[in-house]
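> What follows is a protein structure lacking sequence information:
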């Protein structure tokens, strides 16, 4: 798949974000600078970039919604239960767990995602005041 100017703009927007943005958030950032790029173009390119392995689609449970991550390595996420902020955590569960699950169930392409929940330092400060 060739790299188009629009796809590069979408990739750059994801790579510059450290907040695990939703598709709509990415569209808003791009639209502010490139109003000629449509919502459909952004969404299509997010899906294509995910399929190409250049970004990662992170399915977050609950109200956090589906997000996109510039990091494609295996890692966990920590979600603030107050503000919804998401941060990366290094994975502690060995990849061997995926292999074990695959061998025991007959599933293929097994992977896992771990999501932790807590209250971020900023929200803790707000709660104290």
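Sure thing, it's come through. Given the structure is predicted, the values throughout are model-derived calculations rather than measurements.
> can you pull the buried residues of the one helix or strand residue 67 maps to?
Under the criterion DSSP states H and E, the helix or strand holding residue 67 is strand 66-69. Residues of strand 66-69 classed as buried: 67-69 (neighbour count, 16 or more other CB atoms under 10 Å). C-betas here are computed from N, CA, C, even on glycine.
> Can you lay out these as a markdown table showing pLDDT?
Converted to a markdown table, the buried residues of strand 66-69 look like this (pLDDT from 0 to 100):
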| residue | pLDDT |
| --- | --- |
| 67 | 91 |
| 68 | 94 |
| 69 | 93 |
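> Test my guess that residue 9 contacts residue 37.
Yes: under the contact definition of CB atoms under 8 Å, residue 9 touches residue 37, with a separation of 6.6 Å.
> Identify the contacts common to the two.
Taking CB atoms under 8 Å, 6 or more residues apart in numbering as the contact definition, residue 9 and residue 37 share the neighbouring residues residue 30.
> Can you tell me which of the buried residues of strand 66-69 is closest to residue 119?
Among the buried residues of strand 66-69, residue 67 lies closest to residue 119 (CB to CB), at 19.2 Å.
> Show me what the closest one is bridged to.
With DSSP bridges applied, residue 67 shows beta-bridge pairing to residue 58.
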